[in-house]
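> sharing a sequence plus its predicted fold:
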Amino acid sequence: MSATTTLHSVSVRPALSADEEALGELDRSTWSTLHAVMPRPQPPYDPFFDERHRPGDFLVAEAVTEAVTESGAPDGSGGTRIAGYIRLVPPTPLACNAHVRQIQGLAVAAWARGGGVGRTLLRAACAEARRQGANRITLRVLGHNTPARALYASEGFAVEGVLSGEFFLHGRYVDDVLMGRSLAP
């Protein structure tokens, strides 16, 4: 008998140094040609956190889960698990750009997809950007990543530019789509 995972609740918190192993594993398990411009990670793996990717740059979604058998009965496993992360940083070190935050990474575990984790992380990132004093938030997404683009659009992000054929991935040119939105109430 196989088990499925049911999400009961999702909360978002700042990442901690202690999350490094779990976030590294999540990052590697969610690697896909749909969103990655870098090659698939290979062992030995680089650390998830480094001087450019600090724990303070990440928000982590935790989900309270329950695993159930095909008959719907709890199988005794479950608990709180990291379901995803989002990276939120200033796009440049320039003072004239300090009013903007940029999402530079969003990942949701396969078992948590479709449960609202990505949307929850996006909303938390917007709230955190506002808390940091930003009035605008931006991101970049590959043109062929239709699911992500639809999620971003549903949360108020609009296409603000397209770098046509910016990346050559797996034998074809792929657009880099710039999206953004105001954080005004």
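On my side now, so go ahead.

> going forward, measure contacts between C-alpha atoms and count neighbours the same way
Will do.

> nearest residue to residue 12 in space, please, no chain neighbours.
Nearest residue to residue 12, sequence neighbours excluded (Cα to Cα, 6 or more residues apart in numbering): residue 61, at 4.4 Å.

> next, the contact list for the one you found, please.
Applying Cα atoms under 8 Å, 6 or more residues apart in numbering, we find residue 61 in contact with 10-13, 82-85, 117, 120-121.

> let's see it at 7 Å
10-13, 82-85, 117, 121 (Cα atoms under 7 Å, 6 or more residues apart in numbering).

> equivalent analysis for residue 31, please.
Residue 31 makes contact with residue 40 under the criterion Cα under 7 Å, 6+ apart.

> distance from whichever helix or strand residue 65 is part of to the middle of the chain?
Applying DSSP states H and E as the criterion places residue 65 in strand 58-69. Averaging C-alpha positions (Cα atoms, centre = their mean, to the nearest Å) puts strand 58-69 15 Å from its chain's average.

> could I get the buried residue list for it?
Of the residues in strand 58-69, 58-68 count as buried by neighbour count, 16 or more other Cα atoms under 10 Å.

> of these, which is the nearest to residue 130?
Distance to residue 130 across these (Cα to Cα) is lowest for residue 59, with 14.2 Å.

> excluding its backbone neighbours, what's nearest that closest one?
Using Cα to Cα, 6+ apart and skipping the chain neighbours, the partner closest in space to residue 59 is residue 14 (4.5 Å).

> now residue 173
Nearest residue to residue 173 in three dimensions, chain neighbours excluded: residue 165, at 4.7 Å (Cα to Cα, 6+ apart).
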